[in-house]
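1. A structural model of the following input is requested.
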Amino acid sequence: GLPSRQVVGTDISRAALTVARRNAARHGVEGRVEFIEGDLAAESAGPFAAIVSNPPYIAEAERSSLAPEVLREPGVALFGGADGLDVIRRLVAAAAPLLVPLGWLVIEAGHGQAAAVAALVRNTHTCEEVRTLRDLAGIQRAIVARRDGLAASEKVTP
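-> Alright, predicted model coming up:
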């Protein structure tokens with residue numbers, strides 16, 4: 001669906017982008033996807049209709065309890081600082097200015113983190129809707145938010 005949509009994929013890992021490019025070619029969408037190596041969306045101009053992220057969200061203290069197959073992944077893809085929310089905090093702060101009015105922000109979070117991430121999004125005061133969705137195991141896993149309908153130039157600052 002949505003054959004006219006353009007997609008920008010960003011990752012801090014060059015190796016991850018290589019895999020993503022291969023997958024885009026395999027699915028015949030390489031002409032519609034721009035891949036950018038960088039931290040979050042720092043290198044992207046926007047504005048975007050949606051930002052969807054699966055950031056690193058595992059707390060450092062959980063490292064010893066992870067399965068060996070999980071630990072084969074690069075640490076930069078897994079660990080989000082002491083509480084697991086370091087990258088998510090930066091993403092939430094950066095996302096609103098990159099979204100069009102009424103644009104969507106979707107973030108995957110770790111087990112037990114959904115309420116904290118939803119609160120981070122609500123505290124930006126730029127979203128009209130913030131809700132969490134459960135994964136197939138029943139865990140609150142995704143935070144979905146819609147940016148308010150005002151352009152930055154229309155906002156009144158106190």
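2. Just say helix, strand or coil for the residue nearest to I139 when sequence neighbours are not counted.
-> If the residues on either side of it in the chain are set aside, I139 comes closest to H111, at 5.5 Å by CB to CB, 6 or more residues apart in numbering. Just so you know, the C-beta spots here come from the backbone N, C-alpha and C atoms, and that holds for glycine as well. On the three-state scheme (DSSP: H, G, I helix; E, B strand; the rest coil), H111 is labelled coil.
3. what pLDDT, on average, does stretch 123-136 get?
-> For stretch 123-136, mean pLDDT is 93.
4. got it, and stretch 36-50?
-> For stretch 36-50, the mean pLDDT works out to 82.
5. residues of that stretch that come out buried?
-> By 16 or more other CB atoms under 10 Å, the buried positions in stretch 36-50 come out as L40, A41, S44, F48.
6. List the residues that contact the residue most central in space within the chain.
-> Central residue of the chain (CA atoms, centre = their mean): S53, 2.0 Å from the mean position. When contacts are counted by CB atoms under 8 Å, 6 or more residues apart in numbering, S53 touches L40, L91, V106, I107, E108.
7. From the residues you listed, which land in helices?
-> L91 (DSSP state H).
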